[in-house]
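In: generate coordinates for the sequence data below:
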Amino acid sequence: MEMEEKVKKLLDFQRQFTKREWNDLLVQIEFQYRKKADELQFTDQDIKEIAKRHF
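Out: You can find the predicted model right below:
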């Protein structure tokens, strides 16, 4: 699937929600991601990969 088609599908999905509902959904998703991230245990290799990609 091409990126343009993916974007169109995302926008079609997003139109099902009001702006407030969509924003609330994104906030809750981000909250869950952060909660899961707190549970992760990174290896030395993970840290090297993160540092390499970030800096």
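In: least trustworthy helix or strand in this protein by mean pLDDT?
Out: helix 44-54 (a mean of 84; mean pLDDT, DSSP states H and E).
In: check which helices and strands it sits against.
Out: In terms of contacts (3 or more CB pairs under 8 Å, 6 or more residues apart in numbering; DSSP states H and E), helix 44-54 is not packed against any helix or strand. Quick note: C-beta positions are derived from backbone N, CA and C, even for glycine.
In: now the residue with the largest distance to the centre of the chain: how far from K36?
Out: Most distant residue from the mean C-alpha position of the chain: D44, 23.7 Å away (CA atoms, centre = their mean). According to CB to CB, to the nearest Å, D44 stands 21 Å off from K36.
In: output the least confident helix or strand of the chain as CSV, nothing but the C-alphas.
Out: Presented in CSV, the C-alpha positions along helix 44-54 are these (Å, rounded to 0.1, in the frame of the first residue of the first chain):
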residue,chain,number,x,y,z
ASP,A,44,23.1,-2.0,26.0
GLN,A,45,22.5,-2.6,22.3
ASP,A,46,19.2,-0.9,22.4
ILE,A,47,20.8,2.1,24.0
LYS,A,48,23.5,2.2,21.4
GLU,A,49,20.8,2.1,18.6
ILE,A,50,18.8,4.9,20.2
ALA,A,51,21.8,7.1,20.7
LYS,A,52,22.9,6.4,17.1
ARG,A,53,19.5,7.4,15.7
HIS,A,54,19.0,10.4,17.9
